[in-house]
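Visitor: The amino acid sequence is not available; the structure is as follows:
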C-alpha cells in the first residue's frame, strides 16, 4: 500500500507547525513496511490511501470526496480532539516526514523547520481534560531536543498541566539549552494565577503563544513585573479585550475601561498585543476608535525594545502619539492622517467626553524610578 499524507496547513497557515498526527501515522505505517510520503499537494490519485490533516480553518479548506481520502484535524472535527487508534497514538512521531517539505514553503521560514526538528512533539491529553497516562510513549528521547512542542488544543484546560510540566520538564529534556515549551495552539487563561504560572516556564520563541481572555486585572501588575518578562515574551502574550463585554457595555464606558487598562499596563512596561472582533462593533465610528487605540498600543510592540524605551516614554498620551504619528505615517497609513484622527477625536468628543479627555490627559500609573 502507498500512503500519501497531506498537511493542508502548510499551504495557508503563516506558522508552519508540524502535524503530530501525520507524523504518528507515518511512524505506524512505516513500521508495517508500507510506503509513506508527505504529499506536496492535494493528489489523492497518486496513492492507494490519501490522509488529509488540517487544524487551522481557512476558506481554502479542501473537502473533495473520494473512496481513498481520509480527512481529520481540528478544522474538520471542531475543538474536540478525535484520538487516533491507540496503537497509533503511542507512536513516537516520525520527524523525517517533513524532510521533504516543498522548497517554496521551506524557504519562507527555514529556521522554523530546523527548530521543530530539534523539538519533542507530544500531546499531553487525549480528552482535553486529564493528563494521558501513556503520554511519555510519544517521546523520541532525542538528546539534542531543545524543548517540547505541545499539540493540545488548550493546555490550560488539562487538569494540573502547568504544575506537571514545571515539575517534570528537567527530566524530559536533557539538553542544556532546552527545558523550554512551545504550543501549537494558544494557551488560554483568564486569571492571574494561571497567567503567571505559564509565564514562569521558558518559551520556545515564536512557537509559543499565551492568550488572556478578558482585560488583565491591574492587581496582576506586581506579579507580572516580578517575572521580569523579556520583550519577546510580551509580544507573545495576547489579550482578548472584548471578552465579558456586551456591545452596549462597550460603547457606554467599556472602551474607556479598555483604554485605561492598556495605559496602566504600559506605564509599567507591560505592553501586549490586543485581540478583538472588529465586526462586533456595529458602528463604523467606534470601529475606527478601536483601530486607533490598537495602533497606539502596537507602536510600542514594534518599537518597544529596551533601547527604545530609554528614549520614548511608554506612558505618553494618545494625543501626543497622534501628533508624532501624523508627521511620520500619514502618507503610508490613512488611519494616521490628520483628517482621520480629527474625525475620530471629534466623534469621541461628542459621544464619550470622558474618553475624549483621557485621550489628552491619561498617562496611567505612577512612573517607576528605573524607567
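Guide: In hand now; what should we look at? Only a predicted model underlies this, so the values are computations on that prediction, with no experimental measurement involved. Numbers count the residues shown, from 1 in each chain.

Visitor: and the spatially closest residue to residue 55 that is not a sequence neighbour, what is it in contact with?
Guide: Excluding the flanking residues, the one nearest residue 55 by Cβ to Cβ, 6 or more residues apart in numbering is residue 74, at 4.2 Å. C-beta: built from backbone N, CA, C; applies to glycine. Contacts for residue 74 were tallied using Cβ atoms under 8 Å, 6 or more residues apart in numbering; they are 54-57, 81, 153, 185.

Visitor: May I see those residues arranged in TSV, with secondary structure as well?
Guide: Output for those, formatted as TSV (DSSP: H, G, I helix; E, B strand; the rest coil):
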residue	secondary structure
54	coil
55	coil
56	coil
57	coil
81	coil
153	coil
185	coil
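
Visitor: for those, which one is nearest residue 66?
Guide: Set against residue 66, the nearest of those by Cβ to Cβ is residue 54 (15.7 Å).

Visitor: Tell me the pLDDT of the closest one.
Guide: Residue 54 carries a pLDDT score of 92 in this model.

Visitor: thought it was touching residue 63?
Guide: No. With contact defined as Cβ atoms under 8 Å, residue 54 does not reach residue 63; the gap is 9.7 Å.

Visitor: Mind jotting down where the helices sit in the stretch 1-150 of the chain?
Guide: Per DSSP state H, counting those that start in this stretch, the stretch 1-150 of the chain carries helices over the ranges 9-12, 20-31, 74-77, 86-89, 103-108, 110-117.

Visitor: Which among those is found nearest to residue 342?
Guide: helix 9-12 (39.1 Å).

Visitor: Bridge partners for the residue nearest to residue 30 when sequence neighbours are not counted, pull those for me.
Guide: Among residues not flanking residue 30 along the chain, residue 36 sits closest, at 5.4 Å (Cβ to Cβ, 6+ apart). For residue 36, the beta-bridge assignment (DSSP bridges) gives partners residue 3.

Visitor: Tally up the residues packed near residue 36, please.
Guide: Residue 36 has 22 neighbours, counted by other Cβ atoms under 10 Å.

Visitor: Hmm, it is touching residue 23, no?
Guide: No. Between residue 36 and residue 23 there is no contact under Cβ under 8 Å: 10.5 Å.

Visitor: Torsion angles phi and psi at residue 175?
Guide: When read as degrees, to the nearest 10, the backbone of residue 175 gives phi -60, psi 140.

Visitor: same deal with residue 206?
Guide: phi -60, psi -20.

Visitor: Distance-wise, check the closest residue to it other than its chain neighbours relative to residue 343.
Guide: Using Cβ to Cβ, 6+ apart and skipping residues adjacent in sequence, the residue nearest residue 206 is residue 15, 6.7 Å away. From residue 15 across to residue 343, the span is 36 Å (Cβ to Cβ, to the nearest Å).

Visitor: related to what we said a few turns ago, which neighbouring residues are in contact with the residue nearest to residue 30, exactly?
Guide: By Cβ under 8 Å, 6+ apart, the neighbours of residue 36 are 2-3, 5, 25-26, 29-30, 97.

Visitor: Report the residue spans of the stretch 1-150 of the chain with pLDDT below the cut-off.
Guide: 61-62, 107-110 (pLDDT under 70).

Visitor: On the three-state scheme, residue 212 is what?
Guide: Three-state assignment for residue 212 (three-state DSSP): strand.
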